[in-house]
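> sequence plus predicted model, see below.
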Amino acid sequence: MSKRPDGILYWVDEKPPWGVTLVMALQHCVLMASSLMLPVVIVQEIGGSMTQAAAVVGMSMIAVGIGTLLQAINKGPIGSGYLCPNLCGPSYLAVSVQAAWLGGLPLMHGMIMLAGVFEALLSRVIGHLRFLFPNSVTGVVVLMVGVALVPLGTSKFLGIGFSGDPIDPINTGIASLTLLLLIGLNLWTKGRLRLYNILISLVVAYLLSSLLGILDQSDWQQVWQAPWLALPGQGIELFHFAFDWSLVLPFLIVSLCASLKSLGNLITCQSINDADWQQADMKNLGKGLFADSIAVFSSGALGGVAVDTSSSNIGLSAASGVTSRWVGLVAGSLFIVLAFCPKLTMLFSIMPPAAMGAILLYVTSFMIAAGLKILLSTPMTPRKTFVVGIALIFGLSVDILPQMYTQLHPWIKPVFTSSLTLATVLAILLHQLFRIGAKDED
């Protein structure tokens, strides 16, 4: 039986009051919406219209909602039973653009469906791979889940859009005030005020951004002009798919990398929900991966972009102390409803970078602390030191010096595009090479 961790206010199967559940679900929807620019980027890359982009965004939102619901349900072979929301998967961005260039949206959607099938097959055998995930590996994975959010969080915090851009002092000032408010409400308040700190800070960030010109009249005009209700998917040809053998291997590699990322997120969910957690529950991971595979397949079948589990949302659940799966059920349902409400979707889409950066840094702090806790829960033997150290060194190098890996062969390059994926692969391989036994892990 799992032991309730300190600091968790509403735990896994506990049902919070409806007010708490709804507000927490809204806060999770804010983070889930942070990746909705990815469908727009892909459609723009192939010269598509804004109508097509809006259609792909709407169908992606439905797939994200489906994945979040399935992950929280935990029925039969489907779902981990944890609050582990989905979002549009950045892991798939490069190969999705490649497929869209080659054969348009139908080819992209067909290859995404193939990736979902591959992840489903992987989920069926993951239960036999417990030996690959001792504490030395799981600690690295959880730690890197947080570290992988650092580049995005800091760039949004400082208002930097591209490499070489100067720091935006107004954006940084708003982000600093928002982060201080987030921390202050967490440290020095109790009850629901602490639970609602993301939503409160977000409102303040919107107001400050409007007063200081980060959000201008044209931004708000887009919100006012958007309709309240509309059917998603208008503008693209639904249920039209294509396949290309030349893209099979790249999509399978990316699917494997995305699956490893989801494993890290699910392991993090397990660790923050059990004070006595020692090792990964592989059966539960398999159920979680299967739910994720259905979400990926659904995103292709519906006409959206590939989806993935969200590290930042897991960080939010740890930071707020609300890890109840009921929040996931409401958040998933709410996100599907939002797909039919362009006005609210547009409100999310104009979210100021300062707000996004402050929230990401806030939740990343909890993710990094969770990873360190796992790594330090067992003695740091010499062999474990090398597994952890080398995996972290090369994993961090992806974020610090990404240009080192630009000339790699396209088949292996996806492994080196994510610090989390590279660190996870290296930790698993080094663990097997050095043969860290159970005695070293106790």
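Thanks, I have it. Numbering: from 1, shown residues only.
> tell me how far the residue nearest the centre of the chain lies from Q279.
Central residue of the chain (C-alpha atoms, centre = their mean): S310, 1.9 Å from the mean position. Separation of S310 from Q279 (C-beta to C-beta, to the nearest Å): 24 Å. To be clear about C-beta, it is placed using only N, CA and C from the backbone, and glycine gets the same treatment.
> same check on M351?
For M351, the distance to Q279 - C-beta to C-beta - is 38 Å.
> and the pLDDT at V117?
pLDDT recorded at V117 is 95.
> which parts of the helix or strand hosting L372 are buried?
Using DSSP states H and E, L372 sits within helix 353-375. With burial defined by 16 or more other C-beta atoms under 10 Å, the residues of helix 353-375 counted as buried are 353-368, 370-371, 374-375.
> please say which of M351 and Q279 ends up with more neighbours.
M351 (22 against 16; other C-beta atoms under 10 Å).
> look at that one and give its secondary structure.
coil (DSSP: H, G, I helix; E, B strand; the rest coil).
> that one and S34 touch, don't they?
Yes - counting by C-beta atoms under 8 Å, M351 touches S34, with 7.0 Å between them.
> follow-up on the earlier one: can you tell me which residues contact the residue nearest to the centre of the chain?
31-32, 35, 84-87, 265 (C-beta atoms under 8 Å, 6 or more residues apart in numbering).
> how much space separates it from W11?
20 Å.
> same question for V248.
42 Å.
> okay, the two: which has more neighbours?
W11 (18 against 14).
> so what pLDDT did that one get?
75.
> wait, it touches N273, no?
Yes - using C-beta under 8 Å, W11 is in contact with N273, at 6.6 Å.
> residues touching the closest residue to Y362 other than its chain neighbours, list them.
Of all residues not flanking Y362 in the chain, L182 sits nearest, at 4.7 Å (C-beta to C-beta, 6 or more residues apart in numbering). Counting by C-beta under 8 Å, 6+ apart, L182 makes contact with 197-198, 201, 358-359, 362.
> again with W326
14-16, 21, 72.
> just the element for it, please.
helix 325-338.
> I'd say P151 and D399 touch.
Yes - shown here, P151 and D399 form a contact pair, counting by C-beta under 8 Å, at 5.2 Å.
> where does the stretch 51-200 of the chain have low pLDDT?
94, 191-192, 195 (pLDDT under 70).
> go again using 90 as the cut-off
Applying pLDDT under 90 to the stretch 51-200 of the chain picks out residues 51-58, 73-81, 87-105, 124-157, 159-168, 182, 185-200.
> just the strands in it please.
86-88 (DSSP state E, counting those that start in this stretch).
> what's the answer for the stretch 251-400 of the chain, then?
307-309.
> can you map out the helices along the stretch 201-350 of the chain?
217-225, 248-272, 282-302, 311-320, 325-338, 342-349 (DSSP state H, counting those that start in this stretch).
> out of the ones you listed, nearest to G65?
helix 325-338 (3.6 Å; C-beta to C-beta).
> and that closest one, how far out from the chain middle?
16 Å (C-alpha atoms, centre = their mean, to the nearest Å).
> same check, this time on stretch 53-71
For stretch 53-71, the distance to the chain centre is 14 Å (C-alpha atoms, centre = their mean).
> likewise stretch 82-99?
That offset, for stretch 82-99, works out to 8 Å (C-alpha atoms, centre = their mean).
> could you do stretch 217-227 as well?
28 Å.
> for stretch 376-387, buried residues please.
Neighbour-count burial for stretch 376-387 [16+ other C-beta under 10 Å]: 378, 381, 383-384, 386-387.
> what about the nearest residue to V23 once chain neighbours are set aside, neighbour count?
Excluding the flanking residues, the one nearest V23 by C-beta to C-beta, 6+ apart is Y196, at 5.3 Å. Y196: 21 surrounding residues under other C-beta under 10 Å.
> so what's Y196 up against?
So Y196 contacts 23, 27, 185 (C-beta under 8 Å, 6+ apart).
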